[in-house]
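Visitor: 3D model of this:
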Amino acid sequence: MASTETPPPSIRQGVRIVPPDGSVSVEEVLLAVGEQVGHDKLCYASRMNKAVVVFLKDEAHVHQLIESSVFIRDLFVQVSPLLTALTPPRGLVEDIQRAILEFFWSGKHWVRAAVLYLPVAEGGQGLINIQSKIASFRLRTAQKLLYNCGPGWCDTGRLLLRKAGRLGYDKQLFLLRLGDVDFTGLTSFYSSVLQAWQIFLVARVENETPGMWLFEEPLFFNNFIRAQTLLSASLRVSLREAGCTKLGHLIRMTAGSVDTLRERSNITSKRLISRVVEEVCAALTPSHRAFVKSTALCDQWSEGGEYSFPSLSITPAVGEWQEGGGQLLSFSTPHLDKFQDAGKKEVYQSCVKVLNLRSLAGTNESRWAGFFGPDISPKGSWRSLYKLPVEKRAADLQWRIVHGAIATNRYRAHMDPELGEGCVFCSQAETLEHLFVCCPRLEVLFDLLKKWFQGLGESFSFDLFIFGPKYCAKTKLAIWLTRRNRTQGDGSVQLVPVLEGLLKARLRVEYSYYHMMDKTQAFSRIWAVGGVLCSVGEHGELIVNF
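Guide: You can find the predicted model right below:
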């Protein structure tokens, strides 16, 4: 025989109530809840610290209770869902972020941390910035609330949003000038959602066809409806107490006469109410004005109905910052248009740049601007530093060279003057430029590179060598390895043999792989271009040409 036991309620069926007085019993709370939703809808309750947790029979009554709240000992007490998202403590997030940075840099911070958070294609390392990730999650929540009615939590979310400032707004909050809005009554999670919303500057899409949402437009703090009379705080309070907070309320209450609204709001002046209506209608475009004045459409409007939210175009909120040449930070990417179409990657990257704007502002693209001049830039070349067939260690070295994250002797001499700043191969000061471009020992290496570049149909230049792609990665690695060998007194310090050894080893590994996969033609397209470095013989053997 099948069991008829009632399954235990889920956490979604629970609510949390904090009584106004510690002496309030669980029974009193249950009585207050029962008066709102019916005593037969209660499952059970228990005390949890200072709060009382009550479980109901279904989620619909949870939503009803959150919206209505309860009265306990003649005091209004808010109800919050038991299942709610919490905002992580800022100190905890900062500690985790600091640990990630320490692991990445091994205690040596060569560039600002914010640079590491940028995408690789823009000169960063794509390191996760936790604060930006949290903000992007909040914005994705807003995206689902406004444009996706699917998730079941959206109903609860809208109920919680209506607690803000006693305005009764939910989706409308995202259309307001948030600096003027009182967030009292809002949970910490949805406060963080609205705070993240301010990362963007929001604009309404022009010439949008009016729809039923127009009646849902908020009257207060809304740039779409600019009415001088609504700047009065006392008038807003009177209209709010009368339940007139949306455009549909105003049109419906003044359809026949202003007397209905005047009586509900205790505003004695008919002229003032008429002026409000005139200014609000005048703020609308002709097509929107005709739409809201249609009695048939106004009668169809049902408060709380599900209507399509208007399209919003978004741009990063950068304040007075202006993009200029030679700066690492650029807002040309990611491309943002309508908020509902923004992908999670684009939203996250925008959050990284806006939240780290102060740190990134003024950061130069590279440490080579003084050497090459302002017109030579690594912009557009960052991704190629890591593009195959470049291996990871060579790519990381290339990135460090562009950013100047190299411990040259001049740098080390600042830490320990006894070491001296001279080059280990010559008597000149070892700067970043000297180490990779100007040292006399590099001449024979650059002669070889010029020969190879000519064979590949390219023109060699020092800026291409420093900022350039895969042809140069092994060369820079050879420069660094021979310097290390000289410093440690172990290994070869001859540049050309070391470079040729690195290339031969890589060519053999690559050829073995492609030959095993029966893709020698693909190997030739990558490594045997023009027969400069190597070629594949008639019998499929590898021929190294240097």
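Visitor: Correct me if wrong, but Val202 is in a strand.
Guide: Yes - the assignment for Val202 by DSSP: H, G, I helix; E, B strand; the rest coil puts it in a strand.
Visitor: Excluding covalently adjacent residues, which one is nearest to it?
Guide: Once flanking residues are discounted, Val202 sits nearest to Leu312: 5.1 Å by C-beta to C-beta, 6 or more residues apart in numbering. Using the backbone N, CA and C atoms, a C-beta is placed for each residue, glycine as well.
Visitor: who's in contact with the one you found?
Guide: Taking C-beta atoms under 8 Å, 6 or more residues apart in numbering, we find Leu312 in contact with 174, 202-205, 338-340.
Visitor: Spatially central, which residue of the protein would that be?
Guide: The chain has Tyr348 as the residue nearest its centroid, 2.4 Å off, counting by C-alpha atoms, centre = their mean.
Visitor: pLDDT wise, what is the nearest residue to that one once chain neighbours are set aside at?
Guide: Computed as C-beta to C-beta, 6+ apart, the closest residue to Tyr348 that is not its neighbour in sequence is Ser136, at 4.1 Å. In this model, Ser136 is scored at 96, pLDDT.
Visitor: How about Ile406?
Guide: Looking at Ile406, its pLDDT is 89.
Visitor: so it touches Trp399, yeah?
Guide: No - counting by C-beta atoms under 8 Å, Ile406 sits too far from Trp399 to count as a contact (10.7 Å).
Visitor: A helix includes Gly22, no?
Guide: No - Gly22 sits outside any helix when classified using three-state DSSP, being coil.
Visitor: Going forward, count from 5.
Guide: New numbering, starting at 5: the last item is Gly26.
Visitor: Strands of the stretch 5-154 of the chain, residue ranges please.
Guide: Assigned by DSSP state E, counting those that start in this stretch, the stretch 5-154 of the chain shows strands spanning 18-21, 46-52, 55-60, 74-76, 79-81, 83-85.
Visitor: contact partners of the fifth one?
Guide: Residues from elsewhere that reach strand 79-81 (C-beta under 8 Å, 6+ apart): 21-24, 36, 73-75.
Visitor: Repeat that for the fourth one.
Guide: Contacts made with strand 74-76 from outside it, assessed by C-beta under 8 Å, 6+ apart, are listed as 21, 23-24, 28, 32-33, 36-37, 39-40, 80-81, 83.
Visitor: Swap in 7 Å and give it another go.
Guide: Contacts with strand 74-76, where a contact means C-beta atoms under 7 Å, 6 or more residues apart in numbering, come from 21, 23-24, 28, 32-33, 36-37, 40, 81, 83.
Visitor: can you check the first one too?
Guide: Contacts of strand 18-21 from elsewhere in the structure, counted by C-beta under 7 Å, 6+ apart, are 33, 55-59, 66, 69-70, 74, 81, 83-86.
Visitor: Filter the residues you listed down to just the buried residues.
Guide: Among the contacts of strand 18-21, those buried by neighbour count (16 or more other C-beta atoms under 10 Å) are 33, 55-59, 66, 69-70, 74, 81, 83-86.
Visitor: Farthest-apart pair in those residues, please.
Guide: Phe59 and Val81 (17.6 Å; C-beta to C-beta).
Visitor: quick one on the thing from earlier: what is the lowest-pLDDT residue among the contacts of strand 74-76?
Guide: Lowest pLDDT among the contacts of strand 74-76: Pro24, 82.
Visitor: who touches it in this structure?
Guide: By C-beta under 7 Å, 6+ apart, the contact set of Pro24 is 76-77, 79, 81.
Visitor: For those, please prepare TSV with the additional fields distance to Glu267.
Guide: Formatted as TSV, the contacts of Pro24 follow (distance: C-beta to C-beta, whole Å):
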residue	distance to Glu267
Ile76	32
Arg77	32
Leu79	29
Val81	31
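Visitor: What remains of these if I keep only buried residues?
Guide: Buried members of the contacts of Pro24, counted by 16+ other C-beta under 10 Å: 76, 81.
Visitor: In the stretch 155-304 of the chain, where is pLDDT below threshold?
Guide: Residues of the stretch 155-304 of the chain meeting the criterion pLDDT under 70: 155-156.
Visitor: coming back round to it: got phi/psi on the residue nearest to Val206?
Guide: The phi/psi pair for Leu316 (degrees, to the nearest 10) reads phi -130, psi 130.
Visitor: mind giving me the domain split of this protein?
Guide: The chain breaks down by the TED database into domains covering 15-85, 96-133, 213-314, 386-505, 518-548.
Visitor: Could you tell me the end-to-end distance of the first one?
Guide: I take that to be domain 15-85. End-to-end distance of domain 15-85 (C-alpha to C-alpha, to the nearest Å): 9 Å.
Visitor: same question, the second one
Guide: Across domain 96-133, the straight-line distance between its terminal residues is 13 Å, by C-alpha to C-alpha.
Visitor: mean confidence for that domain?
Guide: Averaging pLDDT along domain 96-133 gives 88.
Visitor: Tell me how far that domain lies from the chain's centre.
Guide: Distance of domain 96-133 from its chain centroid, counting by C-alpha atoms, centre = their mean, to the nearest Å, is 16 Å.
Visitor: What of the third one?
Guide: Chain-centre distance of domain 213-314: 35 Å, with C-alpha atoms, centre = their mean.
Visitor: now the shortest one
Guide: The chain centre lies 44 Å from the centre of domain 518-548; the measure is C-alpha atoms, centre = their mean.
Visitor: where do the helices sit along the stretch 205-354 of the chain?
Guide: Ranges of helices in the stretch 205-354 of the chain, per DSSP state H, counting those that start in this stretch, are 237-245, 251-257, 263-269, 274-286, 290-296, 299-304, 348-359.
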